[in-house]
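*Asks:* Requesting a structural model of the entry that follows:
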Amino acid sequence: MIFIATCSQDTTTDIVMKEMDAHYLLRFNIDKPENFAWDFHRDGFRIVGKSAGREITDKTLTSFYLRKPIYFDLIDVPKHGCVENWCREETNELFQDFYRECQSRGLTVLVRSQSNRYGKLRQLLAAEKHFRVAPWHFFHGEMPDELKRGRWVVKSLTGTPIGQDKVFLVKEVDPCKLDLSYPWFLQEKIDGEDEVTVVYIDGKTYAANAPRNSFGGEDSRKSLMENPHAWPRCPLAVKDECAIRGFMNETGYRFGRFDFIRKDGELWFLEMNPNGQWAWLDEKNENGLVTLITDAIKAEDKAHRARPYRQGLPPASRAT
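*Replies:* Purely as a prediction, here's the structure:
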């Protein structure tokens, strides 16, 4: 049985489940704990989905698919904490550790790296070997001299809200006006023709693009929220396909969604999200993106089930 860790607002998982046998998976929504019961102990575990009417145990687990186990309904945590936040953190840490244990035993599908995790800093360093990359700076306390020339956009390393349910959007800034008491991530502005996003699925690619002038600012997320169907599929040059595969081979990822800007026919690397949203590119599976991803999940799960020892998560050996 496949265990999917996500949240109730994850429409991508909704789409994936339509292409899979619902009786052979359990969807866990971390933001709806009242719909589940669980017990992890020294001899295994049991997770019950009350609304789904099924359960998964260490005897029936074959794969762990990590989606989006996050809380979209943010809460204001007072200075000295609160019970709701404690419950969230306890639940999140348990299931993150459950995922890490499954990963160590080779039971995860698609969303994993064979090497250490690559955040934006390590991605940019690795990308230099495969793509065009605009100059960038992560800085605090002192203004780098390079930032006094040219045009720059400010970005964020995380999706952490900055207060009042607001998120940090990409925008052009004057570096000289930034408060150096904050940490900043700036990259030189790329004046390209269009933005290209590429989903990489275990050696296969699916690319789509949108004109840069269709964005209401620098951040493509704003355009996506306003018109999610404005990203038609587009071809990739052979050299771009090779560069993407080279980057993924180096970093060890088998799945990810790339963001590029195309300028004068060349792709400039922005970032690769190892568990990026993708369903909005082909919601009705008209171009086969959903099939590509679900087939990859099924193939990995089939390989897991074919192992000589088929129990998903046997208890660790203990000294007697």
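
*Asks:* remind me which residues of the protein are low pLDDT?
*Replies:* Applying pLDDT under 70 to the chain picks out residues 113-116, 214-229, 308-320.

*Asks:* what comes into contact with the longest helix anywhere in it?
*Replies:* If you go by DSSP state H, the chain has its longest helix at helix 83-104. For helix 83-104, contacts defined as CB atoms under 8 Å, 6 or more residues apart in numbering pick out 5, 28, 30, 33, 40, 45, 61, 64, 66, 69, 71, 75, 77, 108, 112, 313. (Each C-beta comes from the backbone N, C-alpha and C, glycine too.)

*Asks:* number of nearby residues for the residue nearest to residue 182 when sequence neighbours are not counted?
*Replies:* Sequence neighbours aside, residue 140 is the residue nearest to residue 182 in space, at 7.1 Å (criterion: CB to CB, 6 or more residues apart in numbering). Using other CB atoms under 10 Å, residue 140 has 9 other residues around it.

*Asks:* residues in contact with residue 140?
*Replies:* 180, 181, 182, 183, 184.

*Asks:* From residue 237, how far out is the first one?
*Replies:* Yep, that's residue 180 we're talking about. Distance of residue 180 to residue 237, given as CB to CB, to the nearest Å: 41 Å.

*Asks:* same question, the last one
*Replies:* To residue 237, residue 184 is 34 Å away according to CB to CB.

*Asks:* Between these two, point out the one with more neighbours.
*Replies:* The neighbour comparison of residue 184 against residue 237 (other CB under 10 Å) goes to residue 184, with 20 against 11.

*Asks:* May I have the phi/psi pair for that one?
*Replies:* Main-chain torsions, residue 184, degrees, to the nearest 10: phi -130, psi 150.

*Asks:* What's opposite it in the beta bridge?
*Replies:* Note on residue 184: beta-bridge partners residue 139, judged by DSSP bridges.

*Asks:* my guess is it meets residue 139, correct?
*Replies:* Yes. Look at residue 184 against residue 139 with CB atoms under 8 Å: they come within range, at 5.7 Å.

*Asks:* The stretch 51-200 of the chain: strands as residue ranges?
*Replies:* Ranges of strands in the stretch 51-200 of the chain, per DSSP state E, counting those that start in this stretch, are 54-57, 63-66, 136-139, 152-155, 171-173, 184-188, 194-201.

*Asks:* quick one: which of the ones you listed is nearest residue 266?
*Replies:* Of all those, strand 194-201 sits nearest to residue 266, with 10.7 Å by CB to CB.

*Asks:* Now list the buried members of the contacts of residue 140.
*Replies:* Those of the contacts of residue 140 that meet the buried threshold are residue 184, by 16 or more other CB atoms under 10 Å.

*Asks:* Out of the contacts of residue 140, the closest to residue 153 would be?
*Replies:* Ranked by distance to residue 153 (CB to CB), these are led by residue 184 at 11.1 Å.

*Asks:* residues touching the closest one, list them.
*Replies:* Residue 184 sits next to 137, 138, 139, 140, 154, 178 when contact means CB under 8 Å, 6+ apart.

*Asks:* What's the separation between the residue nearest to residue 58 when sequence neighbours are not counted and residue 61?
*Replies:* Using CB to CB, 6+ apart and skipping the chain neighbours, the partner closest in space to residue 58 is residue 44 (3.3 Å). As for residue 44, its distance to residue 61 is 9 Å (criterion: CB to CB).
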